[in-house]
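Student: No letters, just coordinates:
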Ligand code: FEO
């Protein structure tokens, strides 16, 4: 049975939720599920904004048929070709054979690569083009690499509605209200929204900044993303735009330390715990993560969140412990930058995790090392404790600047 939700005059939410998928993009755990959003505008013409993942295709087609109320579908706008939004594209054009597909050249090429699609009934748009659908116009804003190269957004100036593709989305299924202003978003969604942002588009801060600049002069009253809740109050939109501005500038969202440790027999963990306590004693808020236990998508998000990072790793196969290596590799791949960091290493016969981590991080942009690398030789001794205290003092001094 249909579950269509009205967003504003003539605009309807047709999406659905998947709470069974374990890994989004086969990479990111989503224990709280995810929503796939699609919207229908019923002006003098009917306009479908994107489709959905195949996981929610049945409810989507029931919603679409119901929201159309016997009218034909005139336009399908494809903002983003990734299959979580276009897997049901072909079924839409087969179900509504007269529909005109409105998209850009890159999407059109991808549609032909993904589907046995003839390319018939496609109208290509360029940046700045608009489409009149009756009382309203739909203006197209290109957003390359947010998150694929073909991505575009659209804006309806008469209602102030921005269809933002993946931007401003989040992991986490919807249930009950679909509106951010009716949800405890900061409590229930912000961690997932941050993890979604940094893992999905975090690498492309420059491109996100470019889109934010394009959006600034628009009078945006409602944001309809492809995942997560709809944003419809000025206050909440300003709050979320500010988050995106901070995130895409690679600035820390919070001042504080996050300490990532890799420990095989507990001694590196011991050093990490002593350092954590020494930081707290000096007034530095700190969080500890065992990189072997917490998923790297969470670690990446937490690294982006805080101003000061500490990496503590045992030496393993003459290198950095594998889970720490993965974290560093992921941070590097996401253009991680602009932070202060400190290092702790452990090794029973040839400690070298510290120098290897430092070599890696020194190639990242604007990373400042604090203090000396603390070397633990198998286990923490009294002289090691003293070095850990010295490192905590150096971090605290930098934190308080
Ligand atoms: Fe939600 Fe880039 O797809």
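Tutor: Perfect, I can see it now. As the structure is a prediction and not an experimental result, all values here were calculated from the model.
Student: Which parts of the stretch 1-150 of the chain are strands?
Tutor: Counting by DSSP state E, counting those that start in this stretch, the stretch 1-150 of the chain has strands at residues 5-8, 11-13, 16-18, 23-24, 28-29, 34-36, 39-42, 46-49, 75-77, 100-103, 122-124, 130-132, 137-142.
Student: Which strands or helices does the second one pack on?
Tutor: Put plainly, it is strand 11-13. Where contact means 3 or more Cβ pairs under 8 Å, 6 or more residues apart in numbering; DSSP states H and E, strand 11-13 is packed against strand 5-8, strand 39-42. All C-beta spots, glycine's among them, are computed from the backbone N, C-alpha and C.
Student: so how far is the last one from its chain's centroid?
Tutor: Taking Cα atoms, centre = their mean, to the nearest Å, one finds strand 39-42 lying 26 Å from the centre of the chain it belongs to.
Student: Report the rounded mean pLDDT for that strand.
Tutor: Across strand 39-42, pLDDT averages out at 98.
Student: nearest to the ligand, of the helices and strands packed on strand 11-13?
Tutor: strand 39-42 (14.4 Å; Cβ to the nearest ligand atom).
Student: one step back: pick the most deeply packed of the helices and strands packed on strand 11-13.
Tutor: For the helices and strands packed on strand 11-13, average neighbour numbers computed from mean count of other Cβ atoms under 10 Å are highest in strand 39-42, which has a mean of 22.
Student: Which neighbouring elements make contact with that strand?
Tutor: For strand 39-42, where contacts count as 3+ Cβ pairs under 8 Å, 6+ apart, the packed elements are strand 11-13, strand 46-49, helix 57-68.
Student: What are the buried residues along the longest one?
Tutor: Pointing back at helix 57-68 there. Neighbour counts over helix 57-68 (16 or more other Cβ atoms under 10 Å) mark 57, 59, 60, 61, 62, 63, 64, 65, 66, 67, 68 as buried.
Student: circling back: out of the strands of the stretch 1-150 of the chain, the one nearest residue 370 is which?
Tutor: Residue 370 lies closest to strand 28-29 among those, at 30.7 Å (Cβ to Cβ).
Student: residues contacting the closest residue to residue 343 other than its chain neighbours?
Tutor: Spatial nearest neighbour of residue 343, chain neighbours left out: residue 373 (4.3 Å); criterion: Cβ to Cβ, 6 or more residues apart in numbering. Contacts for residue 373 (Cβ atoms under 8 Å, 6 or more residues apart in numbering) come out as 342, 343, 344, 345, 354, 355, 358.
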